[in-house]
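Engineer: A structural model of the following input is requested.
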Amino acid sequence: MPAENLVVSDAETVDAVVVGAGHNGLVAANMLADRGWSVRVLEASDGPGGAVRTEEITAPGFRSDLGSAFYPMGVVSPAFRALDLTSHGLEWRHAPAPLAHVLPDDRGVLLSRDVDVTAASLDRFAPGDGDAWRRLADEWQRLRDPLLAAFLGPFPPVRDAARVLRMLGGPDALRLARRMLLPATRFGEEEFAGEGARVLVAGNALHTDLGVNQTASTAFGWLLAMLAQDVGFPVPAGGARGITDALVGRLALRGGTVECHRPVTRVLVERGRAVGVVDAAGGLVRARRAVLADVPAPVLFGDLVGTEHLPTRMVDDLARFQYDDAILKVDWALSSPIPWTAPEPREAGTVHLGGDVAGLVDFGADLAAGRMPREPFMLLGQMTLADPLRSPPGTESVWAYTHLPHRRAHTETELAEQVARMVAGIERHAPGFGERVVARAVSGPGDLEARNPSLVRGALMAGTAQLHQMLVFRPTPGLGRPDTPVERLFLAGATAHPAGAVHGTPGANAARAALARGGRLGALYGAGIRAGQRLVYGADVREVGRERAGR
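Structural biologist: Numbering: from 1, shown residues only. This is a model prediction of the structure:
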């Protein structure tokens, strides 16, 4: 019987099962529910949200975001805007300024939502850099809509890339493409004379796992810097969970359900098609139309699906999947705000600490070599400064994280030494910081993964942002789409295009693919996808799945 004509039935049957209640899974579930599908979301941990959760892990009354914290991509996300989350309780708040970078000599540079303030800060490092920044900001305003639509949309972005080409013309479009491929260090040398502007772009590149002298680090550093200039680094009132609460509440109004403490152990595949899932207790949930997975691709295919349902080339490709850096995070409850000696970080929600450009190069080199950096670069969040709901009046809820090598284990001694280096780095620029600490919580890579199994060994980005694993190469060389070799199974997590950050695009892309496959032209859509997959894997993947399953 053809897979399209399979009839699945059981006591527990819905149109779509979503594995994982991270924000991407919840976006996908909402989009399907909007189209009238019955949807059930199954989550392994004790609450929804994945890396978008908030708890009191330091001291009572101090709210800490367990993963992500600032959301420029969320504010501009087409997926979030389409779901109108502000109508479901999400409220954005801002610190006085989005970002400051403090150099080793205690000079600070400020990135403000007021371009004149940013320009004045840059001119203190090198006169003329302020005007260079204004030119970049003006260019961003002209290009932002088609660029964001191209990045935060299905792959390939044919229509939006064509819009950019029409706006710029061929020669300038090539120049823009060259710029995006530059290492952030080279971009800074070409555009600016002073250290201030250079570290703003380079420091933002380190929000990913890209070293500042690696190809395409400019794309991420420039994007985040321009978003900070444009929309700031906003936070949800009350904590990151504001995003999750809005998504869960919206889904409930449309009849969708989220079940926590229900880990999925297997995707049920029959005749090459995903028809449901099995949980750890042996419970079965059948899916009439689709299974969507907000879990890392290696986990989905290796553990939940099984390689017998995959073409050999894809199995080989998955063995080469590269995760991004591990993360070491510390949350603090402070009795009062951090006593910075430089004025710039006193008004910034996010603070970069730990190096000038040369120091950032050294930091990346240590990680690439598998060494624990002796001078850790830190991203630090002053959450009460951005949102007074995060801690009692007069106090401050703070976190900082740094990158660690991902390819090796980290001993408790190494982690403790690195935490000590982090504290010393803050004390150098804020003497008396330690005296204000009421309580703290240290989360190493293993702790992060224990809270959220999708953060494999503490990898926040669900896979490297290096060019060899982005676009058409994400998660493996293929179509760059959420469709998988298993019919009606869609990859909805951040190991799919366009990778990490909180914007919901992988979930939205998976939902669109599921709707297209289940729609009036679904057979034609499926035939097109299979034709593309035959080009990549050299065989009809459904037939491969059936043959290998029968061996």
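
Engineer: against which helices or strands is the host helix or strand of residue 29 packed?
Structural biologist: When secondary structure is defined by DSSP states H and E, residue 29 falls within helix 23-34. In terms of contacts (3 or more CB pairs under 8 Å, 6 or more residues apart in numbering; DSSP states H and E), helix 23-34 is packed against strand 13-19, strand 39-42, helix 78-83, helix 241-253, strand 284-293, helix 505-517. Backbone N, C-alpha and C define where each C-beta goes, glycine included.

Engineer: can you show me the helices along the stretch 51-200 of the chain?
Structural biologist: Residue ranges of the helices in the stretch 51-200 of the chain, as given by DSSP state H, counting those that start in this stretch, are 72-76, 78-83, 115-123, 129-151, 158-168, 170-181, 184-191, 195-205.

Engineer: tilt between the fourth one and helix 158-168?
Structural biologist: To tie it back to what came earlier, the one meant is helix 129-151. Interaxial angle, helix 129-151 versus helix 158-168 (axes from the mean of the first three to the mean of the last three CA atoms, to 10 degrees): 150 degrees.

Engineer: how far out from the middle of the chain is helix 129-151?
Structural biologist: In terms of CA atoms, centre = their mean, to the nearest Å, the centre of helix 129-151 is found 22 Å from the chain centre.

Engineer: where does the chain dip in pLDDT?
Structural biologist: By pLDDT under 70, the low-scoring segments of the chain are 1-11, 539-551.

Engineer: how does it divide into domains?
Structural biologist: For the chain, whose domains are defined here by automatic domain parsing, the residue ranges read 3-44+262-321+461-549, 92-235+323-451.

Engineer: so can I have TSV of the helices and strands packed on helix 23-34 showing distance to residue 32?
Structural biologist: Listed next are the helices and strands packed on helix 23-34 as TSV, based on distance: least, CB to CB, whole Å:
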stretch	distance to residue 32
strand 13-19	5
strand 39-42	5
helix 78-83	12
helix 241-253	10
strand 284-293	8
helix 505-517	5
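
Engineer: what would the ones you listed look like in TSV with mean neighbour count and distance to residue 231?
Structural biologist: As requested, these are arranged in TSV below (neighbours: other CB atoms under 10 Å; distance: least, CB to CB, whole Å):
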stretch	mean neighbour count	distance to residue 231
strand 13-19	25	29
strand 39-42	25	29
helix 78-83	19	12
helix 241-253	22	15
strand 284-293	24	29
helix 505-517	26	17
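
Engineer: among these, which comes closest to residue 499?
Structural biologist: The closest of these to residue 499 is helix 505-517. By CB to CB, the value is 8.1 Å.

Engineer: okay, buried residues for stretch 115-130 please.
Structural biologist: Across stretch 115-130, burial judged by 16 or more other CB atoms under 10 Å covers 115, 118-119, 121-123, 125-126, 129-130.

Engineer: the domains of the chain: which one's closest to residue 243?
Structural biologist: Nearest to residue 243 among the domains of the chain is domain 3-44+262-321+461-549; the distance by CB to CB comes to 6.2 Å.

Engineer: what residues does residue 468 make contact with?
Structural biologist: The neighbourhood of residue 468, defined by CB atoms under 8 Å, 6 or more residues apart in numbering, consists of residue 322.

Engineer: and it, that one's in a helix?
Structural biologist: Yes. Looking at residue 468 with DSSP: H, G, I helix; E, B strand; the rest coil, it is inside a helix.

Engineer: from residue 451, how far off is it?
Structural biologist: When distances are taken as CB to CB, to the nearest Å, residue 468 and residue 451 turn out to be 29 Å apart.

Engineer: same deal with residue 185?
Structural biologist: For residue 185 relative to residue 451 (CB to CB), the value is 35 Å.

Engineer: between the two, point out the one with more neighbours.
Structural biologist: Summary of the neighbour comparison: residue 185 and residue 451, criterion other CB atoms under 10 Å, with residue 185 having more neighbours (24 against 20).

Engineer: quick check: the more buried one touching residue 358?
Structural biologist: No. Counting by CB atoms under 8 Å, residue 185 does not reach residue 358; the two are 9.2 Å apart.

Engineer: one step back: dump the domains of the chain to a markdown table, plus distance to residue 50.
Structural biologist: Below are the domains of the chain laid out as a markdown table (distance: least, CB to CB, whole Å):
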| stretch | distance to residue 50 |
| --- | --- |
| domain 3-44+262-321+461-549 | 3 |
| domain 92-235+323-451 | 9 |
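
Engineer: to residue 56, which of the ones you listed lies closest?
Structural biologist: Evaluated with CB to CB, those place domain 92-235+323-451 nearest to residue 56, the distance being 9.0 Å.

Engineer: once you drop chain neighbours, what's closest to residue 417?
Structural biologist: With CB to CB, 6 or more residues apart in numbering as the criterion, residue 417 has its nearest non-adjacent residue at 7.5 Å, and that residue is residue 372.

Engineer: can you check residue 140 too?
Structural biologist: Computed as CB to CB, 6+ apart, the closest residue to residue 140 that is not its neighbour in sequence is residue 226, at 4.2 Å.

Engineer: pretty sure that neighbour belongs to a helix, no?
Structural biologist: Yes. Residue 226: assigned to a helix according to three-state DSSP.

Engineer: can you tell me how far it is from residue 398?
Structural biologist: Shown here: residue 226 relative to residue 398, a distance of 26 Å by CB to CB.

Engineer: so for those two, which sits in the more crowded spot?
Structural biologist: Between residue 226 and residue 398, residue 398 has the larger neighbour count (other CB under 10 Å), namely 29 against 23.

Engineer: so the more buried one sits right up against residue 379, yeah?
Structural biologist: No. Counting by CB under 8 Å, residue 398 stays clear of residue 379, with 11.5 Å between them.

Engineer: can you pull the residues that touch both of the two?
Structural biologist: Common contacts of residue 398 and residue 379, defined by CB under 8 Å, 6+ apart, are absent altogether.

Engineer: show me where the stretch 451-551 of the chain has its helices.
Structural biologist: With helices called from DSSP H, counting those that start in this stretch, the stretch 451-551 of the chain shows them at 505-517, 522-537, 541-549.

Engineer: which one, of those helices, ends up nearest to residue 168?
Structural biologist: From the helices of the stretch 451-551 of the chain, taking CB to CB, the stretch that ends up closest is helix 505-517, at 23.6 Å.

Engineer: relative to the whole chain's centre, how far out is the closest one?
Structural biologist: Going by CA atoms, centre = their mean, the spacing between the C-alpha centre of helix 505-517 and its chain's C-alpha centre is 18 Å.

Engineer: got the angle between it and helix 522-537?
Structural biologist: Helix 505-517 runs at 120 degrees relative to helix 522-537, counting by the same axes, to 10 degrees.

Engineer: one step back: so which of the helices and strands packed on helix 23-34 is nearest residue 424?
Structural biologist: Distances from residue 424 to each of the helices and strands packed on helix 23-34 were compared using CB to CB; the minimum, 31.8 Å, belongs to helix 241-253.

Engineer: I'd like to know which elements the closest one is packed against.
Structural biologist: Helix 241-253 is packed against helix 23-34, strand 257-259, with contacts defined by 3+ CB pairs under 8 Å, 6+ apart.

Engineer: looking at the ones you listed, which is nearest to residue 365?
Structural biologist: Distances from residue 365 to each of these were compared using CB to CB; the shortest belongs to helix 23-34, at 32.5 Å.

Engineer: so that closest one versus helix 505-517, what angle?
Structural biologist: Going by the same axes, to 10 degrees, helix 23-34 is angled at 30 degrees with respect to helix 505-517.

Engineer: how far off helix 241-253 does helix 23-34 point, in degrees?
Structural biologist: Using the same axes, to 10 degrees, the direction of helix 23-34 lies 30 degrees away from that of helix 241-253.

Engineer: tilt between helix 23-34 and strand 284-293?
Structural biologist: Note on geometry: by the same axes, to 10 degrees, helix 23-34 and strand 284-293 are set 110 degrees apart in direction.

Engineer: pull helix 23-34 out as CSV, backbone CA atoms only.
Structural biologist: Output of helix 23-34 as CSV, limited to C-alpha atoms (Å, rounded to 0.1, in the frame of the first residue of the first chain):
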residue,chain,number,x,y,z
HIS,A,23,10.4,27.6,21.1
ASN,A,24,10.8,26.2,17.6
GLY,A,25,8.6,23.2,18.4
LEU,A,26,6.0,25.6,19.9
VAL,A,27,6.1,27.9,16.8
ALA,A,28,5.5,24.9,14.6
ALA,A,29,2.6,23.6,16.7
ASN,A,30,0.9,27.0,16.7
MET,A,31,1.2,27.3,12.9
LEU,A,32,-0.3,23.9,12.4
ALA,A,33,-3.1,24.6,14.9
ASP,A,34,-3.9,27.8,13.1
